[in-house]
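Asker: A predicted structure for the sequence below; I have some questions about it.
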Protein chains: 2
Amino acid sequence: MDNKREYIYRIEPGDADFMKRATLMSLADYILHTAGEDADRGGFGVRDLNLHNASWVLTRMALEVERMPAEYERIRVTTWVSAVTRAMTTRNFEVFDEKGVRIACAVTNWAMLDLSARRMLDLHLLPAYDSMTQDFPLPAALPCRLAPLSGGREYEHAVVYSDLDFNCHANSVKYIQWAVDTLPLELLQQKRFARTDINFIREARYGERLRIVAAEEALAFEIRNAEGEAVCRIAFRME
Amino acid sequence: MDNKREYIYRIEPGDADFMKRATLMSLADYILHTAGEDADRGGFGVRDLNLHNASWVLTRMALEVERMPAEYERIRVTTWVSAVTRAMTTRNFEVFDEKGVRIACAVTNWAMLDLSARRMLDLHLLPAYDSMTQDFPLPAALPCRLAPLSGGREYEHAVVYSDLDFNCHANSVKYIQWAVDTLPLELLQQKRFARTDINFIREARYGERLRIVAAEEALAFEIRNAEGEAVCRIAFRME
């Protein structure tokens, strides 16, 4: 079996927060960027799928952080695909510091979208994609299915230009940002995001007025569109 | 005279907008990142100044764009310091594409801040800093002094965690983002930011409730704090 493929990054000042550590958003961004690079390298990148009028859609993500890397620190992200079913593929990540210590890991689920019909495609339409899979153990538990939220504090956000990705929808990382930005600064100073589970449910388009609902007692969030439908659910475990 | 020092970047998917081109914010971020790298290299970086309880503060910026680079495009940013007075130093930038065509340029003014007294320091306190200057012509007109705005449409923004930089103030690039996000999507699709002038006047702290005031007739913005004081002024010329 081949080794895990790996990618090197440096935490730039723009990735760091006021504590001079990577934000959860920038760590998630490096992880998703790695997914893109590695899919490209394998011939299954967004640009390859676009040729067939298809694209990847991130459906779930679990992200565990043991230690958040500091500004100017170099990180090595390894990635591998562990499973392909008709509906979904699982891509895994481990993040190492320069001493070789694992400081974070992630498990993500992806579906393939038909861009015209806006419906999911059978991943077996990509027979060669199976060659991407490698048989290493999962680095963390699979992303959880998060339950709907009933009540809670509410925040508003209208989707603006800088939220949009190349699909003209709010970028996945923005959902994390909207939830994190509701947390008290003291909590962010004192604790780390030991585990984050995210369910991406619907797309959010330009101008859509979203409500970010925060559960009163748990670190659980539901982002809803104007129709009251859940767009995304997020749960943090902080330690 | 030495050559201009240069830095290479690639426009990553996270830097690009829905048109798959760099956003004005990500271009400004690469330029400011270059300033940081080059100051570090010269021994006058933020970390060097921090040892003396001082830091750089960006006071004005002019940014001209001939062509916005596309996603995955590599850019080469050259930079040089052209002037040092007691109160201010001028740092210049040119951005080239892979064919060597200049696609953007910028002129920035910086002051040195005493972090305890929160007042500006005489740049002649850094006698060796003069060695950074190089005598090339300015790539664009100096940043303009922007006039106060009287009335206009108003938007609100409270400074959140993800806005903060290492100084615990809203990051300079966020001001640009708040202004750009008020512009109609059609305008962003049809025109480019031929020139942007920015005056950074005051710091904005965590939790501060800012008002983004947009002039009705020109592409001019004033960001005000709760006391009604101007925090930042921005003017775009779109072509």
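Answerer: Received it, and whenever you're ready, just let me know what you need. Numbers count the residues shown, from 1 in each chain, chains lettered A, B, ... in the order given.

Asker: For the rest of this, base every contact and every neighbour count on C-alpha atoms.
Answerer: Will do.

Asker: Secondary structure element for the residue positioned nearest the centre of chain A, which one?
Answerer: Among the residues of chain A, the one closest to the centroid is residue A:61, at 5.0 Å (Cα atoms, centre = their mean). Taking DSSP states H and E as the criterion, the element that holds residue A:61 is strand A:54-65.

Asker: how does chain A divide up, domain by domain?
Answerer: What the record gives for chain A is the domain set A:5-132, A:153-238, from automatic domain parsing.

Asker: what would these look like in JSON lines with mean pLDDT and distance to residue B:15?
Answerer: Shown next, in JSON lines, are the domains of chain A (pLDDT from 0 to 100; distance: least, Cα to Cα, whole Å):
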{"stretch": "domain A:5-132", "mean pLDDT": "93", "distance to residue B:15": "11"}
{"stretch": "domain A:153-238", "mean pLDDT": "95", "distance to residue B:15": "9"}
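
Asker: chain center to the strand holding residue A:61, what's the gap?
Answerer: Averaging C-alpha positions (Cα atoms, centre = their mean, to the nearest Å) puts strand A:54-65 5 Å from its chain's average.

Asker: Does anything pack onto the helix or strand just after that strand? Which helices or strands?
Answerer: Downstream of strand A:54-65, the next assigned helix or strand under DSSP H and E is strand A:74-84. Judged by 3 or more Cα pairs under 8 Å, 6 or more residues apart in numbering or on different chains; DSSP states H and E, the packing partners of strand A:74-84 are strand A:5-10, helix A:24-42, strand A:89-96.

Asker: Show me the one of these that comes nearest residue B:18.
Answerer: helix A:24-42 (16.4 Å; Cα to Cα).

Asker: Now do the following helix or strand past that closest one: everything it contacts.
Answerer: From helix A:24-42 onward toward the C-terminus, using DSSP H and E, the following helix or strand is helix A:46-50. Applying Cα atoms under 8 Å, 6 or more residues apart in numbering or on different chains, the contact partners of helix A:46-50 are A:36, A:39, A:40, A:54, A:55, A:56.

Asker: got CSV for the residues you listed, with neighbour count too?
Answerer: Shown next, in CSV, are these (neighbours: other Cα atoms under 10 Å in any protein chain shown):
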residue, neighbour count
A:36, 18
A:39, 20
A:40, 15
A:54, 21
A:55, 22
A:56, 21
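
Asker: ok, the residues you listed vs chain B, which is closest?
Answerer: Looking at the contacts of helix A:46-50 and their distance to chain B, the nearest is residue A:36, at 8.8 Å (Cα to the nearest Cα).

Asker: What count of nearby residues applies to the nearest residue to that closest one once chain neighbours are set aside?
Answerer: With Cα to Cα, 6 or more residues apart in numbering or on different chains as the criterion, residue A:36 has its nearest non-adjacent residue at 6.2 Å, and that residue is residue A:45. Residue A:45 sits with 17 neighbouring residues when counted by other Cα atoms under 10 Å in any protein chain shown.

Asker: tell me the angle the strand holding residue A:61 makes with strand A:89-96.
Answerer: Angle between the axes of strand A:54-65 and strand A:89-96 is 40 degrees (criterion: axes from the mean of the first three to the mean of the last three Cα atoms, to 10 degrees).

Asker: interface residues of chain A facing chain B?
Answerer: A:13-14, A:16-20, A:23, A:29, A:33, A:160-162, A:164-168, A:177, A:180-182, A:185 (Cα under 8 Å from any Cα of the partner chain).

Asker: So which of these sit within helices?
Answerer: A:29, A:33, A:177, A:180, A:185 (DSSP state H).

Asker: number of nearby residues for the first one?
Answerer: Residues within reach of residue A:29, counting by other Cα under 10 Å, total 19.

Asker: I'd say it and residue A:173 touch.
Answerer: Yes. Using Cα atoms under 8 Å, residue A:29 is in contact with residue A:173, at 6.6 Å.

Asker: What about the residue nearest to residue A:36? Give its phi and psi, please.
Answerer: The phi/psi pair for residue A:45 (degrees, to the nearest 10) reads phi -80, psi 170.

Asker: hang on, the earlier thing: among the helices and strands packed on strand A:74-84, which is the most enclosed?
Answerer: Among these, the stretch with the highest mean neighbour count (mean count of other Cα atoms under 10 Å in any protein chain shown) is strand A:89-96, at a mean of 23.

Asker: The residue nearest to residue A:36 contacts residue A:37, doesn't it?
Answerer: Yes. Applying Cα under 8 Å as the test, residue A:45 and residue A:37 come out as touching, 7.4 Å apart.

Asker: anything in contact with each of those two?
Answerer: In contact with both residue A:45 and residue A:37: no residue, using Cα under 8 Å, 6+ apart.

Asker: Of the residues of chain A next to chain B, which count as buried by neighbour count?
Answerer: A:13-14, A:16-20, A:23, A:29, A:33, A:160-162, A:164-166, A:168, A:177, A:180, A:182 (16 or more other Cα atoms under 10 Å in any protein chain shown).

Asker: give me the beta-bridge partners of residue A:109?
Answerer: With beta bridges defined as DSSP bridges, residue A:109 has these partners: residue A:60, residue A:90.

Asker: From chain B, how far off is it?
Answerer: 20 Å (Cα to the nearest Cα, to the nearest Å).

Asker: That residue and residue B:13, how far apart?
Answerer: Distance, residue A:109 to residue B:13, by Cα to Cα, to the nearest Å: 20 Å.

Asker: And residue A:181, by the same measure?
Answerer: 23 Å.

Asker: cool, residue A:202 as well?
Answerer: 21 Å.

Asker: Residue A:164 too?
Answerer: Residue A:164 is 11 Å from residue B:13, by Cα to Cα.

Asker: likewise residue A:33?
Answerer: 8 Å.

Asker: Also residue A:158?
Answerer: 22 Å.

Asker: Next: residue A:25.
Answerer: Going from residue A:25 to residue B:13 by Cα to Cα gives 15 Å.

Asker: same thing with residue A:61?
Answerer: 19 Å.

Asker: who touches the closest residue to residue A:152 other than its chain neighbours in this structure?
Answerer: In space, residue A:152 comes closest to residue A:215 once its chain neighbours are excluded; the distance is 4.5 Å by Cα to Cα, 6+ apart. By Cα under 8 Å, 6+ apart, the residues touching residue A:215 are A:149, A:150, A:151, A:152, A:153, A:221.
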